[in-house]
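>>> can you look at this prediction? I've put the sequence above it.
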Amino acid sequence: MSKTAFVFPGQGSQKIGMLEGWGDKLSETFKIASEVLGYDLWKLIQEGPEERLNQTEYPQPAVLTSSLAMWFLAKKWGAAPDCVAGHSLGEYSALVAAEVLSFEDAVSLVQKRGKFMQSAVPIGRGGMAAILGLEDEIVVEICRTCSRADVLETANFNSPGQVVIAGHTGAVNRAIEACKAAGAKRAILLPVSAPFHCRLMEPAAAEMADILNNTCLKEPNIELLQNVEARYAKTVEDIRYNLVAQMSKAVLWTPTIQNMVSDGVGTVVECGPGSVLSGLSRRIDKSVRALSISSERDLRSVLDTIL
(Lines give C-alpha, C1' and ligand atoms only; values in the text may rest on other atoms or scores of the structure.)
Protein backbone atom coordinates (compact mmCIF):
# COMPACT_ATOMS: atom_id res chain seq x y z
CA MET A 1 0.00 0.00 0.00
CA SER A 2 1.40 3.41 -0.96
CA LYS A 3 2.21 6.06 1.61
CA THR A 4 0.42 9.35 2.25
CA ALA A 5 2.08 12.74 2.73
CA PHE A 6 0.54 15.93 4.09
CA VAL A 7 2.01 19.15 2.70
CA PHE A 8 1.44 22.70 3.92
CA PRO A 9 1.31 25.90 1.80
CA GLY A 10 3.35 29.06 2.23
CA GLN A 11 2.77 32.77 1.98
CA GLY A 12 0.66 33.80 -0.99
CA SER A 13 -2.25 31.45 -0.31
CA GLN A 14 -3.92 33.97 2.01
CA LYS A 15 -7.05 35.89 1.03
CA ILE A 16 -9.86 37.74 2.77
CA GLY A 17 -12.66 35.33 3.66
CA MET A 18 -10.58 32.16 3.63
CA LEU A 19 -11.98 29.43 5.89
CA GLU A 20 -15.47 30.91 5.61
CA GLY A 21 -17.95 28.11 6.13
CA TRP A 22 -15.95 26.12 8.67
CA GLY A 23 -18.18 27.41 11.47
CA ASP A 24 -16.67 27.22 14.94
CA LYS A 25 -14.66 24.04 14.29
CA LEU A 26 -11.44 26.04 13.93
CA SER A 27 -12.17 28.73 16.50
CA GLU A 28 -10.06 27.37 19.35
CA THR A 29 -6.91 27.30 17.21
CA PHE A 30 -7.46 30.91 16.15
CA LYS A 31 -8.16 31.95 19.73
CA ILE A 32 -4.78 30.57 20.83
CA ALA A 33 -2.98 32.23 17.91
CA SER A 34 -4.64 35.58 18.61
CA GLU A 35 -3.50 35.46 22.23
CA VAL A 36 0.09 34.87 21.08
CA LEU A 37 -0.04 37.60 18.42
CA GLY A 38 -1.85 40.26 20.42
CA TYR A 39 -4.57 40.88 17.84
CA ASP A 40 -7.69 39.12 16.51
CA LEU A 41 -6.34 36.95 13.69
CA TRP A 42 -9.73 35.53 12.72
CA LYS A 43 -11.14 39.04 12.27
CA LEU A 44 -8.16 39.97 10.08
CA ILE A 45 -8.59 37.05 7.67
CA GLN A 46 -12.35 37.51 7.47
CA GLU A 47 -12.59 41.31 7.31
CA GLY A 48 -9.15 42.57 6.36
CA PRO A 49 -8.04 45.11 5.42
CA GLU A 50 -6.43 43.27 2.49
CA GLU A 51 -3.42 45.59 2.48
CA ARG A 52 -2.58 44.53 6.03
CA LEU A 53 -3.13 40.84 5.31
CA ASN A 54 -0.59 41.06 2.47
CA GLN A 55 2.18 42.72 4.53
CA THR A 56 4.69 39.96 5.28
CA GLU A 57 4.31 40.19 9.06
CA TYR A 58 0.61 39.24 8.91
CA PRO A 59 0.08 36.54 6.24
CA GLN A 60 2.71 34.27 7.77
CA PRO A 61 0.79 33.65 11.04
CA ALA A 62 -2.49 33.73 9.09
CA VAL A 63 -1.50 30.94 6.69
CA LEU A 64 0.19 28.89 9.41
CA THR A 65 -2.81 29.10 11.74
CA SER A 66 -5.28 28.32 8.94
CA SER A 67 -3.26 25.28 7.86
CA LEU A 68 -2.83 23.95 11.38
CA ALA A 69 -6.45 24.53 12.35
CA MET A 70 -7.32 22.16 9.49
CA TRP A 71 -4.52 19.78 10.49
CA PHE A 72 -5.66 19.54 14.12
CA LEU A 73 -9.18 18.68 12.96
CA ALA A 74 -7.89 16.20 10.38
CA LYS A 75 -5.75 14.52 13.04
CA LYS A 76 -8.68 14.42 15.45
CA TRP A 77 -10.74 12.68 12.77
CA GLY A 78 -8.07 10.07 12.09
CA ALA A 79 -5.46 11.46 9.68
CA ALA A 80 -2.05 9.82 10.21
CA PRO A 81 0.29 10.63 7.31
CA ASP A 82 3.56 8.81 6.75
CA CYS A 83 5.48 12.03 6.12
CA VAL A 84 5.05 15.81 6.03
CA ALA A 85 6.63 18.80 4.30
CA GLY A 86 5.85 22.47 3.85
CA HIS A 87 6.62 25.00 1.13
CA SER A 88 8.73 27.86 2.56
CA LEU A 89 6.65 29.24 5.45
CA GLY A 90 4.64 26.00 5.32
CA GLU A 91 7.64 24.18 6.77
CA TYR A 92 6.68 25.60 10.18
CA SER A 93 3.24 24.01 9.84
CA ALA A 94 4.91 20.70 8.99
CA LEU A 95 7.10 21.03 12.09
CA VAL A 96 4.04 21.39 14.30
CA ALA A 97 2.38 18.42 12.58
CA ALA A 98 5.54 16.38 13.30
CA GLU A 99 5.51 17.64 16.91
CA VAL A 100 8.91 19.29 16.55
CA LEU A 101 7.44 22.65 17.59
CA SER A 102 4.52 23.63 19.76
CA PHE A 103 1.77 25.54 17.97
CA GLU A 104 2.26 28.58 20.21
CA ASP A 105 5.99 28.70 19.48
CA ALA A 106 5.35 28.32 15.75
CA VAL A 107 2.94 31.28 15.73
CA SER A 108 5.44 33.45 17.58
CA LEU A 109 8.31 32.36 15.32
CA VAL A 110 6.56 33.08 12.03
CA GLN A 111 5.41 36.48 13.28
CA LYS A 112 9.05 37.36 13.99
CA ARG A 113 10.14 35.73 10.72
CA GLY A 114 7.77 37.98 8.79
CA LYS A 115 9.04 41.10 10.56
CA PHE A 116 12.68 40.16 9.99
CA MET A 117 12.11 39.41 6.30
CA GLN A 118 10.23 42.64 5.70
CA SER A 119 12.90 44.77 7.39
CA ALA A 120 15.85 43.07 5.64
CA VAL A 121 15.34 44.95 2.36
CA PRO A 122 13.70 48.38 1.94
CA ILE A 123 10.43 48.20 0.01
CA GLY A 124 11.10 48.72 -3.67
CA ARG A 125 14.73 47.57 -3.54
CA GLY A 126 14.00 43.89 -4.14
CA GLY A 127 11.52 41.73 -6.00
CA MET A 128 10.58 38.28 -7.24
CA ALA A 129 9.38 36.93 -10.58
CA ALA A 130 7.82 33.68 -11.76
CA ILE A 131 9.36 32.11 -14.86
CA LEU A 132 7.28 29.51 -16.70
CA GLY A 133 8.27 27.33 -19.61
CA LEU A 134 12.06 27.31 -19.41
CA GLU A 135 14.33 24.53 -18.22
CA ASP A 136 15.70 25.10 -14.73
CA GLU A 137 19.30 25.26 -15.97
CA ILE A 138 18.47 28.04 -18.42
CA VAL A 139 16.91 30.15 -15.64
CA VAL A 140 19.96 29.58 -13.44
CA GLU A 141 22.24 30.76 -16.25
CA ILE A 142 20.08 33.82 -16.95
CA CYS A 143 20.28 34.76 -13.27
CA ARG A 144 24.06 34.49 -13.47
CA THR A 145 24.38 36.67 -16.56
CA CYS A 146 21.78 39.28 -15.54
CA SER A 147 22.96 39.81 -11.97
CA ARG A 148 25.92 42.06 -12.83
CA ALA A 149 26.73 43.80 -9.50
CA ASP A 150 23.32 42.95 -8.03
CA VAL A 151 21.93 39.93 -6.22
CA LEU A 152 19.82 37.70 -8.49
CA GLU A 153 19.16 34.06 -7.66
CA THR A 154 16.72 31.21 -8.17
CA ALA A 155 14.39 31.20 -5.17
CA ASN A 156 11.84 28.41 -5.76
CA PHE A 157 12.03 25.31 -7.91
CA ASN A 158 8.28 24.68 -7.81
CA SER A 159 7.86 22.15 -10.62
CA PRO A 160 9.58 21.35 -13.90
CA GLY A 161 9.36 24.52 -15.97
CA GLN A 162 8.19 26.69 -13.08
CA VAL A 163 10.93 28.61 -11.27
CA VAL A 164 10.78 31.75 -9.13
CA ILE A 165 13.71 34.17 -9.04
CA ALA A 166 14.54 36.84 -6.45
CA GLY A 167 16.97 39.69 -5.96
CA HIS A 168 17.48 43.39 -6.52
CA THR A 169 14.66 44.98 -8.50
CA GLY A 170 16.79 46.02 -11.49
CA ALA A 171 18.31 42.57 -11.85
CA VAL A 172 14.91 40.87 -11.61
CA ASN A 173 13.56 43.14 -14.36
CA ARG A 174 16.59 42.38 -16.57
CA ALA A 175 16.04 38.66 -16.03
CA ILE A 176 12.35 38.91 -16.94
CA GLU A 177 13.24 40.37 -20.32
CA ALA A 178 16.03 37.82 -20.85
CA CYS A 179 13.68 34.93 -20.00
CA LYS A 180 11.09 36.21 -22.47
CA ALA A 181 13.78 36.46 -25.13
CA ALA A 182 14.84 32.87 -24.32
CA GLY A 183 11.32 31.60 -24.99
CA ALA A 184 9.63 31.59 -21.59
CA LYS A 185 5.85 31.13 -21.79
CA ARG A 186 5.48 33.67 -19.01
CA ALA A 187 7.87 35.83 -17.00
CA ILE A 188 5.99 38.00 -14.54
CA LEU A 189 6.83 40.13 -11.54
CA LEU A 190 5.19 38.82 -8.36
CA PRO A 191 3.22 41.09 -6.00
CA VAL A 192 5.43 40.51 -2.94
CA SER A 193 6.88 43.00 -0.50
CA ALA A 194 10.37 41.46 -0.22
CA PRO A 195 12.79 39.23 -2.20
CA PHE A 196 12.51 35.95 -0.30
CA HIS A 197 14.89 32.97 -0.49
CA CYS A 198 17.96 34.80 -1.75
CA ARG A 199 21.10 36.31 -0.20
CA LEU A 200 19.29 39.56 0.52
CA MET A 201 17.54 37.69 3.34
CA GLU A 202 20.80 36.87 5.16
CA PRO A 203 20.29 39.65 7.78
CA ALA A 204 16.83 38.22 8.51
CA ALA A 205 18.29 34.71 8.71
CA ALA A 206 20.86 35.85 11.27
CA GLU A 207 18.13 37.36 13.45
CA MET A 208 16.06 34.19 13.09
CA ALA A 209 19.02 32.05 14.11
CA ASP A 210 19.23 33.86 17.45
CA ILE A 211 15.54 33.21 18.10
CA LEU A 212 15.66 29.55 17.03
CA ASN A 213 18.69 28.86 19.22
CA ASN A 214 16.50 29.70 22.20
CA THR A 215 13.45 27.74 21.04
CA CYS A 216 12.67 24.22 22.20
CA LEU A 217 12.65 21.77 19.28
CA LYS A 218 12.06 18.02 19.45
CA GLU A 219 12.90 15.22 17.05
CA PRO A 220 10.05 14.61 14.56
CA ASN A 221 7.56 11.83 15.23
CA ILE A 222 6.67 11.71 11.50
CA GLU A 223 9.10 11.64 8.60
CA LEU A 224 9.86 15.29 7.76
CA LEU A 225 11.35 16.66 4.53
CA GLN A 226 12.80 20.17 4.58
CA ASN A 227 13.12 22.68 1.72
CA VAL A 228 16.84 23.39 1.69
CA GLU A 229 18.05 19.89 0.86
CA ALA A 230 14.75 18.14 -0.01
CA ARG A 231 15.81 15.36 2.35
CA TYR A 232 14.50 13.85 5.54
CA ALA A 233 15.59 15.73 8.66
CA LYS A 234 16.65 13.43 11.47
CA THR A 235 18.03 15.60 14.26
CA VAL A 236 17.07 18.81 16.01
CA GLU A 237 20.39 20.30 14.88
CA ASP A 238 19.55 19.56 11.23
CA ILE A 239 16.09 21.07 11.59
CA ARG A 240 17.36 24.24 13.24
CA TYR A 241 20.08 24.70 10.60
CA ASN A 242 17.64 24.15 7.73
CA LEU A 243 15.10 26.63 9.12
CA VAL A 244 17.73 29.35 9.16
CA ALA A 245 19.20 28.39 5.78
CA GLN A 246 15.85 28.30 3.97
CA MET A 247 15.36 32.03 4.49
CA SER A 248 18.21 32.88 2.13
CA LYS A 249 18.34 29.73 -0.02
CA ALA A 250 16.06 28.23 -2.65
CA VAL A 251 12.98 26.13 -1.92
CA LEU A 252 13.61 22.77 -3.60
CA TRP A 253 9.98 21.72 -3.98
CA THR A 254 10.39 19.65 -7.14
CA PRO A 255 12.97 17.28 -5.60
CA THR A 256 10.99 17.23 -2.34
CA ILE A 257 7.99 15.68 -4.08
CA GLN A 258 10.23 13.46 -6.23
CA ASN A 259 11.96 12.11 -3.12
CA MET A 260 8.61 11.43 -1.47
CA VAL A 261 7.47 9.44 -4.49
CA SER A 262 10.76 7.52 -4.58
CA ASP A 263 10.11 6.61 -0.96
CA GLY A 264 6.70 5.16 -1.75
CA VAL A 265 4.35 8.13 -1.39
CA GLY A 266 1.38 7.81 -3.73
CA THR A 267 -1.01 10.36 -2.22
CA VAL A 268 -0.16 13.99 -1.41
CA VAL A 269 -2.71 15.94 0.63
CA GLU A 270 -2.44 19.74 0.72
CA CYS A 271 -3.60 20.95 4.12
CA GLY A 272 -4.24 24.68 4.12
CA PRO A 273 -5.85 27.48 2.13
CA GLY A 274 -5.70 27.13 -1.65
CA SER A 275 -4.65 24.28 -3.90
CA VAL A 276 -1.31 25.43 -5.35
CA LEU A 277 0.76 22.57 -3.93
CA SER A 278 -1.62 19.85 -5.10
CA GLY A 279 -1.39 21.29 -8.62
CA LEU A 280 2.41 21.38 -8.43
CA SER A 281 2.48 17.78 -7.18
CA ARG A 282 0.57 16.61 -10.26
CA ARG A 283 2.96 18.46 -12.55
CA ILE A 284 6.02 17.04 -10.80
CA ASP A 285 4.79 13.44 -10.99
CA LYS A 286 1.62 12.49 -12.85
CA SER A 287 1.37 9.24 -10.90
CA VAL A 288 0.68 11.14 -7.67
CA ARG A 289 -2.87 11.33 -6.37
CA ALA A 290 -2.98 14.96 -5.24
CA LEU A 291 -5.78 16.11 -2.94
CA SER A 292 -6.46 19.42 -1.20
CA ILE A 293 -8.37 20.53 1.88
CA SER A 294 -9.99 23.95 1.65
CA SER A 295 -13.34 23.19 3.28
CA GLU A 296 -14.87 20.84 5.80
CA ARG A 297 -16.46 18.94 2.92
CA ASP A 298 -12.99 18.55 1.33
CA LEU A 299 -11.61 17.25 4.61
CA ARG A 300 -14.31 14.62 4.99
CA SER A 301 -13.83 13.54 1.37
CA VAL A 302 -10.05 13.31 1.76
CA LEU A 303 -10.32 11.25 4.93
CA ASP A 304 -12.81 8.90 3.25
CA THR A 305 -10.24 8.44 0.49
CA ILE A 306 -7.10 7.87 2.57
CA LEU A 307 -8.41 6.06 5.65
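Received, thanks.
>>> for stretch 262-270, buried residues please.
Neighbour counts over stretch 262-270 (16 or more other C-beta atoms under 10 Å) mark Val265, Thr267, Val268, Val269, Glu270 as buried. All C-beta atoms are positioned from the backbone trio N, CA, C, and that covers glycine.
>>> okay, and the beta partners of the first one?
Following DSSP bridges, Val265 is listed with bridge partners Lys3.
>>> my read is that it contacts Met1, right?
No: taking contacts as C-beta atoms under 8 Å, Val265 lies outside contact range of Met1: 11.4 Å.
>>> Serialize the buried residues of stretch 262-270 to CSV and add fields for distance to Ser27 and secondary structure.
As requested, the buried residues of stretch 262-270 are exported to CSV (distance: C-beta to C-beta, whole Å; DSSP: H, G, I helix; E, B strand; the rest coil):
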residue, distance to Ser27, secondary structure
Val265, 32, strand
Thr267, 29, strand
Val268, 28, strand
Val269, 23, strand
Glu270, 22, strand
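>>> tell me which of those residues is nearest to Gly167?
Glu270 (28.5 Å; C-beta to C-beta).
>>> hang on, that closest one packs against Asp298?
No: Glu270 is beyond contact range of Asp298, at 9.6 Å (criterion: C-beta under 8 Å).
>>> got any residues that touch both of these two?
Leu291, Ser292 (C-beta atoms under 8 Å, 6 or more residues apart in numbering).
>>> just to check, Thr65 is in contact with Lys31?
No: between Thr65 and Lys31 no contact is recorded; they are 10.2 Å apart, counting by C-beta under 8 Å.
>>> quick one: which of those two has more around it?
More crowded of Thr65 and Lys31, by other C-beta atoms under 10 Å: Thr65, with 28 against 12.
>>> for the more buried one, which non-adjacent residue is closest in space?
Ala33 (4.3 Å; C-beta to C-beta, 6 or more residues apart in numbering).
>>> how near is that neighbour to Tyr241?
27 Å (C-beta to C-beta, to the nearest Å).
>>> list the contacts of the residue nearest to Thr65.
Leu41, Pro61, Thr65, Phe103, Val107.
>>> where's the residue of the chain positioned farthest from its centre relative to Val96, distance?
Relative to the centre of the chain, the most outlying C-alpha is that of Ala181, 29.8 Å out, by C-alpha atoms, centre = their mean. Applying C-beta to C-beta, the value for Ala181 to Val96 is 44 Å.
>>> now do Ser88
Taken as C-beta to C-beta, the span from Ser88 to Val96 is 15 Å.
>>> please apply the same query to Trp71.
For Trp71, the distance to Val96 - C-beta to C-beta - is 7 Å.
>>> can you check Ala69 too?
11 Å.
>>> now swap in Val192 and tell me
24 Å.
>>> now for the protein, the helix or strand with the poorest mean pLDDT.
Within the chain, no helix or strand scores below helix 50-53, which has a mean of 86 by mean pLDDT, DSSP states H and E.
>>> other residues contacting that helix?
Counting by C-beta under 8 Å, 6+ apart, Gln14, Lys15, Ile16, Leu44, Ile45, Tyr58, Pro59, Ala62 sit against helix 50-53.
>>> compare the residues you listed and tell me which has the most neighbours.
Of these, with other C-beta under 10 Å as the count, Ala62 tops at 27 neighbours.
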